[in-house]
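> Using only what follows, build the 3D model:
(one chain, ligands or ions: 2)
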Amino acid sequence: MSKMAADHNAINLSQGFPNFDIDQGLIELVANYMKKGYNQYAPMQGLPVLRQNISRKIKSLYDKDIDPDSEITISDGATEALFSTISAIIEKDDEVIVFEPAYDSYVPAITLNGGIPVYVSLKVPDFSIDWDEVKAKISDKTKLIIINTPNNPTGAILSKEDMQILSDIVDGTDILIISDEVYEHIVFDGYKHESILKYDTLKERGVAIFSFGKTFHATGWKMGYSVAPDWLTAEIRKVHQYVTFSVNTPVQWAIADYLEDATHYLGLGPFYQKKRDLFLKLTNDSRLDPIVSRGTYFQLFSYKGISLEADMEIAERITKDYGVASIPISVFYHNRTDHKYLRFCFAKKDETLERAADILCRI
Ligand code: PMP
Ligand code: GLN
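Ligands and ions are numbered 1, 2, ... in the order given. Okay, the predicted model is just below:
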């Protein structure tokens, strides 16, 4: 969709990335570390100072002690952490519970490792989890459950109750959890992010995955990390070592410094809530009907008020004929389910959102 947007000179609200500048202070930190000669390989598991600062951040946010040496691994974005973790855990014919719509990198990583995705659809229209269906789909082959909160593409979040039910389901089993929490700081309306790290049963058997790309508006830097118990971290690192070995040294030094000031990430929720509210207000007179996002920088709209055509068709039509690109949510389902929703990314300058909304109100 980004290519289609470029080809047709459309406003690109499809792929998730900000179109505004990142903090110049962070850029200067990276540039200074480069100038000072920090340009060679970092340690395989990531710079110690960065892992220590991440551990401190987790303590302050989720009140848990995480050992920076044995429980945190810096990765090439969340994507590599997801891939290395799935590769470490999944063997042939292992089953993995995947909620749909699902972020696009989970299933290829599962199938490449010989695993079998077992799909559970989130309930429309609030995209909550039907835990009875999860229980019914668990078998003696279930090795892993992948959750994602706040959720891309739906903007739904998991509650404390969800986490407690999940804890009860996996307690006493060998089932592991991957919790994709790349949008941990982008939560709205007074809701709190529920990390698996807060829940002992989940933390003991879980891998929480994060991304500095989302948190510092720098998706192109591809910098993330996983947090997992030592025995699981050891397995993840066996894969990480040979997928990439280590990741960008000067950026790791810079982020280690930058993390020392919590205001660099605590303001992210209010920052994006303002953008969500602006976008919702500006599209209020359109024929698009929102499912108000509670987190992430994505907003889903039902387009049933405009037409009943397939989402791929309308996404293409709105891009080419009107000039606003979005993502049809059927691409996040293995069977291209016929839902009538489009995902719009609001991590954009206000003026971009204004121009896009102006067009959307005329469809
Ligand atoms: N998980 C989700 C839910 C995402 O939206 C993204 C962003 N593309 C990723 C993982 C990957 O993050 P990164 O860009 O750090 O690899
Ligand atoms: N997470 C972003 C999205 O969902 C982009 C990542 C990608 O394009 N692979 O749009």
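
> is it true that residue 210 lies in a helix?
No. Counting by DSSP: H, G, I helix; E, B strand; the rest coil, residue 210 is located in no helix; its state is strand.

> Enumerate every residue touching it.
Residue 210 sits next to 78, 181, 182, 184, 224, 225, 226, 227 when contact means CB atoms under 8 Å, 6 or more residues apart in numbering. From N, CA and C alone the C-beta is placed, and that goes for glycine too.

> Do you know the pLDDT at it?
On pLDDT, residue 210 comes in at 98.

> Report the beta-bridge partners for it.
Residue 210 has these beta-bridge partners by DSSP bridges: residue 225.

> how close does it sit to residue 222?
13 Å (CB to CB, to the nearest Å).

> next one: residue 177
Residue 177 is 24 Å from residue 222, by CB to CB.

> okay, the two: which has more neighbours?
Higher neighbour count among residue 177 and residue 222: residue 177, with 24 against 19, using other CB atoms under 10 Å.

> Identify the residue spatially nearest to the most centrally placed residue in the chain, adjacent ones excluded.
The centroid of the chain falls nearest to residue 182 when counting by CA atoms, centre = their mean (4.0 Å). Of all residues not flanking residue 182 in the chain, residue 211 sits nearest, at 4.0 Å (CB to CB, 6 or more residues apart in numbering).

> Pretty sure the residue nearest to the centre of the chain sits against residue 209.
Yes. In this structure, residue 182 is within contact of residue 209 by CB atoms under 8 Å, at 6.8 Å.

> Next, the buried residues of stretch 149-165.
149-158, 162-163, 165 (16 or more other CB atoms under 10 Å).

> Closest one of those residues to ligand 1?
residue 152 (3.8 Å; CB to the nearest ligand atom).

> Would you quantify the distance from residue 198 to ligand 2?
Noted for residue 198: a distance of 24 Å to ligand 2, by CB to the nearest ligand atom, to the nearest Å.

> Phi and psi next, for that residue.
Main-chain torsions, residue 198, degrees, to the nearest 10: phi -80, psi -20.

> and the residue of the stretch 51-200 of the chain found nearest ligand 2, what is it in contact with?
Residue nearest to ligand 2 within the stretch 51-200 of the chain: residue 152 (5.2 Å; CB to the nearest ligand atom). Contact analysis of residue 152 by CB under 8 Å, 6+ apart lists 16, 103, 182, 183, 296, 298.

> From the recorded domain assignment, give the ranges for this protein.
2-16+266-360, 24-260 (automatic domain parsing).

> As JSON lines, these with distance to ligand 1 would be great.
Output for those, formatted as JSON lines (distance: least, CB to the nearest ligand atom, whole Å):
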{"stretch": "domain 2-16+266-360", "distance to ligand 1": "6"}
{"stretch": "domain 24-260", "distance to ligand 1": "3"}
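
> which residues touch residue 150?
Going by CB under 8 Å, 6+ apart, residue 150 touches 156, 157, 183, 184, 186, 187, 193, 294, 295, 296.

> gap between it and residue 251?
24 Å.

> Which parts of this structure are strands?
Taking DSSP state E as the criterion, the chain contains strands spanning 11-12, 72-75, 95-100, 116-121, 142-148, 176-180, 206-211, 224-227, 289-291, 298-302, 324-325, 327-328, 341-345.

> list the helices and strands the longest one packs on?
Same thing as strand 142-148. Applying 3 or more CB pairs under 8 Å, 6 or more residues apart in numbering; DSSP states H and E, one finds that strand 142-148 contacts helix 77-89, strand 95-100, helix 160-170, strand 176-180.

> Nearest to residue 244 among the ones you listed would be which one?
Across the helices and strands packed on strand 142-148, residue 244 has its closest neighbour in helix 77-89 (6.0 Å, CB to CB).

> The closest one and ligand 2 in contact?
No. Figure legend: helix 77-89 not in contact with ligand 2 (CB under 6 Å from any ligand atom); closest approach 7.3 Å.

> what is the mean pLDDT for that helix?
The model assigns helix 77-89 a mean pLDDT of 98.

> Check which helices and strands it is in contact with.
If contacts are counted by 3+ CB pairs under 8 Å, 6+ apart, helix 77-89 sits against strand 72-75, helix 106-112, strand 142-148, strand 176-180, strand 206-211, strand 224-227, helix 230-243.

> could you redo the last one with a cut-off of 6 Å?
Packing partners of helix 77-89 (3 or more CB pairs under 6 Å, 6 or more residues apart in numbering; DSSP states H and E): helix 106-112, strand 206-211, strand 224-227, helix 230-243.

> May I have that helix exported as PDB, CA atoms only?
Extracted C-alpha coordinates of helix 77-89, given in PDB (Å, rounded to 0.1, in the frame of the first residue of the first chain):
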ATOM      1  CA  GLY A  77      13.700  -4.500  15.800                       C
ATOM      2  CA  ALA A  78      10.800  -6.400  17.400                       C
ATOM      3  CA  THR A  79      10.600  -8.400  14.200                       C
ATOM      4  CA  GLU A  80      14.000 -10.200  14.800                       C
ATOM      5  CA  ALA A  81      13.100 -10.800  18.400                       C
ATOM      6  CA  LEU A  82       9.800 -12.400  17.300                       C
ATOM      7  CA  PHE A  83      11.600 -14.500  14.700                       C
ATOM      8  CA  SER A  84      14.400 -15.600  17.000                       C
ATOM      9  CA  THR A  85      12.000 -16.500  19.800                       C
ATOM     10  CA  ILE A  86       9.600 -18.400  17.600                       C
ATOM     11  CA  SER A  87      12.500 -20.300  16.000                       C
ATOM     12  CA  ALA A  88      13.900 -21.100  19.500                       C
ATOM     13  CA  ILE A  89      10.600 -22.500  20.700                       C
END
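
> Alright, that wraps it up for me.
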